[in-house]
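Asks: coordinates only, no sequence provided:
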């Protein structure tokens, strides 16, 4: 792997901790297998839960008979939707998107109708997991099968089977009179699109489709619930956001948040898929009914069929440009599969579709469409990967038609400070131009690609990134170390990236900070680890906590040195006053002897997007005999603002790229005519492995974010966005065939090549 | 006073894509808009609060707080809420 920081973009500030690569604080636990994941927990008297799931993609539930299961020795409780409080039709904002609790409750356990194959209908708790699974098979559910709709375009038809009899399209416009499967319609307009296309010398319009894709986290959903005799509920779980789980549990079970404690265990991946609750409320109800702690762990097929993949989509994108390579207008029509309940990712998809470019005129229409598949959820930069595939392929075709270098064409139209997005807001300082220039300067770009059946592609991507609420406390210990208590679950090394910001501010080493991720009773409210927000926002909270500590240390130093706090100065972690000097550690030791405990506090709610851009450069070779695409070389360039721990930034860039390569080349849900997923296992759901990927080269661009003291932007999401179009553009140059549908799997590529050679 | 960018689906109420409206906060601006363009507030609000499906872009600030202060040069946009992975 080669990794470089684009030299012209480095922030001028020099740091002692930030930008270095200390060993992560949880490394020993992780590499020795001692880290505690939820399934490692064995609470005394714990029993095990299992689900009964719908075998139908769409069916009315006529009856549920649990009596046979309940007679089995060792079976302690059963549960259906009747055991959940009546849901209220309340839409709540969870910080990261909104949720309708009636829909959420109906997704946790089906009410009246099963809306997708695998939809949970009932559950059972028993003394061992095998007994629980057998008891689940003894629960008799009578169904009345209904016609299902599995394709977003079919579901939008007037004669499509309705999933929800009373679903009226949500729109700011006049609401339609009749229900449909179109959950919402959003629209953006900028300028006069007709005038824009009239001014174009070249106009290209294409239609695109993408498949349902799962996040593929290695750890399945798993929780342990203990509903105690005192009415308090405790849940250990694998989640991206313990406070958001608490909020959902309180609403679904209609109990105060103060009665619920969520303990976040180590998490084996999430990528947006571990924010919504699934098994947690069911484990809680079973625990309440049987009086014992209940563990529920999903099997892999349950994860595929009944959690939240990213949507399939149908998109139509039209762009116009002048012959000198200036974009004049764009038009997008986007329909995303929400799954069985409203609330997919069409909003950000519609906002991102033209977000990389300065378009004077554009319209965007976006539709959120329910159908008989699992409720979709976020997956790194939700919605942006879909629309980048469409836009970046059309951009590439425009550049080719105009005989302009694809990077120069993008640079000529790239969004920059002052560019107004089609959805309205104006960008502050952003780093897309710097990323494109860094790719132009890369060894990869300067090295010609030669050989038959080979091609090179480029593409851009955008994600907003967000701020939201974070809280930390930091306790100065008697030995001069600092224990950092935080509520952000650690995905991808955030313990260390946050600890490094505290250390930098205090002038101590990263190793002298001891980060701890704690439960919801032990730290202030903290939003999810998602949205590329954690190193940015929780890091900001850590910076504030460090400043709070520094202020208290100055006061303690003044007391020890018998001078005024105004006479104490701090530089590089050294405190000086009244002719004396002590390091942070030495002062902490002295302060512990004479002063009150020093506890720093940081609470933040930064309300800004930090605006991340990434650019990919990809070389591929296509085997004309099999259609298999081999990635020869892959470079990802991304504006990180400031890379706190470059290894973790590179890890996110490489991980997101690997997942984007999976979207591009292989990953998809295969559904039969009966609405059953045919490949609900890692054997058949084809994710990339180390045999499929080259070492992914990274170029970190650092255009400092003005809304963060160290310039952090956040890095986790945008690297998944450009790989599909970059690979599609590379395959085109290798084969002469443009692809408009994901994945570009060997059969698809082979058929297209064959069609080209036979004229079909 | 603020510059409000009207969502395209509401422009039939305003007849224009942008309006300048009096008010010191976002809430005051929306209430003033309601006086000028009756019916617009109920499209944007639920239970006297911003619809949970919407967020505000007030200059560079992404917020749902109707108490956010505005100045004559402030831009207000109504956008869908978004989530990340």
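Replies: Received, thanks. Worth saying up front: this structure is predicted, and the values here are computed from it rather than measured.

Asks: can you give me every residue that contacts the nearest residue to residue B:63 once chain neighbours are set aside?
Replies: Nearest residue to residue B:63, sequence neighbours excluded (C-beta to C-beta, 6 or more residues apart in numbering or on different chains): residue A:607, at 4.6 Å. (C-beta placed from N, C-alpha, C; glycine too.) Counting by C-beta atoms under 8 Å, 6 or more residues apart in numbering or on different chains, residue A:607 touches A:467, B:61, B:62, B:63, B:65.

Asks: of the residues you listed, closest to residue A:371?
Replies: Set against residue A:371, the nearest of the contacts of residue A:607 by C-beta to C-beta is residue B:62 (30.5 Å).

Asks: partner residues bridging the closest one?
Replies: residue B:57 (DSSP bridges).

Asks: on that earlier part again, got a markdown table for the contacts of residue A:607, with pLDDT, distance to residue A:343 and neighbour count too?
Replies: Output for the contacts of residue A:607, formatted as a markdown table (pLDDT from 0 to 100; distance: C-beta to C-beta, whole Å; neighbours: other C-beta atoms under 10 Å in any protein chain shown):
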| residue | pLDDT | distance to residue A:343 | neighbour count |
| --- | --- | --- | --- |
| A:467 | 92 | 22 | 25 |
| B:61 | 88 | 24 | 17 |
| B:62 | 90 | 19 | 21 |
| B:63 | 91 | 21 | 17 |
| B:65 | 92 | 23 | 15 |
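
Asks: just checking, residue A:660 touches residue A:722?
Replies: Yes - with contact defined as C-beta atoms under 8 Å, residue A:660 and residue A:722 form a contacting pair (7.0 Å).

Asks: tell me which of the two has more neighbours.
Replies: A direct count of neighbours by other C-beta atoms under 10 Å in any protein chain shown for residue A:660 and residue A:722 places residue A:722 higher, at 36 against 31.

Asks: for that one, give its distance to chain B.
Replies: 16 Å (C-beta to the nearest C-beta, to the nearest Å).

Asks: tell me, what's touching residue A:660 and residue A:722 both at once?
Replies: Contacts common to residue A:660 and residue A:722, judged by C-beta under 8 Å, 6+ apart, are residue A:616.

Asks: just for chain B, where's the confidence low?
Replies: Applying pLDDT under 70 to chain B flags residues B:84.

Asks: which bits of it sit near chain A?
Replies: B:5, B:7-12, B:17, B:43-44, B:46, B:52-53, B:57, B:60-65, B:75, B:77-85 (C-beta under 8 Å from any C-beta of the partner chain).

Asks: got a ChimeraX select line for the buried ones in those?
Replies: The ChimeraX selection below is limited to those of the residues of chain B next to chain A classed as buried (16 or more other C-beta atoms under 10 Å in any protein chain shown):
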select /B:5,7,8,9,10,11,17,43,44,52,53,57,60,61,62,63,64,75,77,78,79,80,81,82,83,84,85
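
Asks: in helices only, show me the residues of chain B next to chain A.
Replies: B:11, B:12, B:43, B:44 (DSSP state H).

Asks: is it true that residue A:153 touches residue A:333?
Replies: No - with contact defined as C-beta under 8 Å, residue A:153 does not count as touching residue A:333 (11.3 Å).

Asks: between those two, tell me which one has more neighbours.
Replies: More crowded of residue A:153 and residue A:333, by other C-beta under 10 Å: residue A:333, with 18 against 14.

Asks: which residues touch that one?
Replies: Here residue A:333 is in contact with A:315, A:316, A:317, A:365 (C-beta under 8 Å, 6+ apart).

Asks: quick one: which of the residues you listed has the most company?
Replies: residue A:317 (25 neighbours).

Asks: and it, bridged to which residues?
Replies: residue A:206, residue A:332.

Asks: and it, what's its pLDDT?
Replies: pLDDT recorded at residue A:317 is 98.

Asks: my read: it touches residue A:205, true?
Replies: Yes - Residue A:317 lies in contact with residue A:205 (C-beta under 8 Å); the separation is 7.1 Å.

Asks: now the common contact residues for those two.
Replies: In contact with both residue A:317 and residue A:205: A:331, A:394, using C-beta under 8 Å, 6+ apart.

Asks: residue A:165 contacts residue A:179, doesn't it?
Replies: Yes - between residue A:165 and residue A:179 there is a contact under C-beta under 8 Å: 6.1 Å.

Asks: more neighbours: which of these two?
Replies: Shown here are residue A:165 and residue A:179; by other C-beta under 10 Å, residue A:179 has more neighbours (14 against 8).

Asks: separation between residue A:308 and chain B?
Replies: Residue A:308 is 10 Å from chain B, by C-beta to the nearest C-beta.

Asks: what sits against that residue?
Replies: A:272, A:273, A:276, A:339, A:374, A:375, A:376, A:377, A:378.

Asks: swap in 10 Å and give it another go.
Replies: Residues near residue A:308 by C-beta atoms under 10 Å, 6 or more residues apart in numbering or on different chains: A:107, A:214-215, A:272-276, A:278, A:339, A:344, A:374-379.

Asks: what about the longest helix in chain A?
Replies: Longest helix in chain A, counting by DSSP H: helix A:539-561.

Asks: would you mark the buried spots in that one?
Replies: A:539-546, A:548-550, A:552-558, A:560-561.

Asks: same question, stretch A:681-688
Replies: Here stretch A:681-688 shows A:685, A:686, A:688 as buried, counting by 16+ other C-beta under 10 Å.

Asks: gap between the last one and residue A:616?
Replies: Noted for residue A:688: a distance of 15 Å to residue A:616, by C-beta to C-beta, to the nearest Å.

Asks: and the stretch 151-300 of chain A, which residues reach chain B?
Replies: A:170-175, A:184-191, A:215, A:240, A:270-275 (C-beta under 10 Å from any C-beta of the partner chain).

Asks: out of the contacts of residue A:333, who's nearest chain B?
Replies: residue A:365 (9.4 Å; C-beta to the nearest C-beta).
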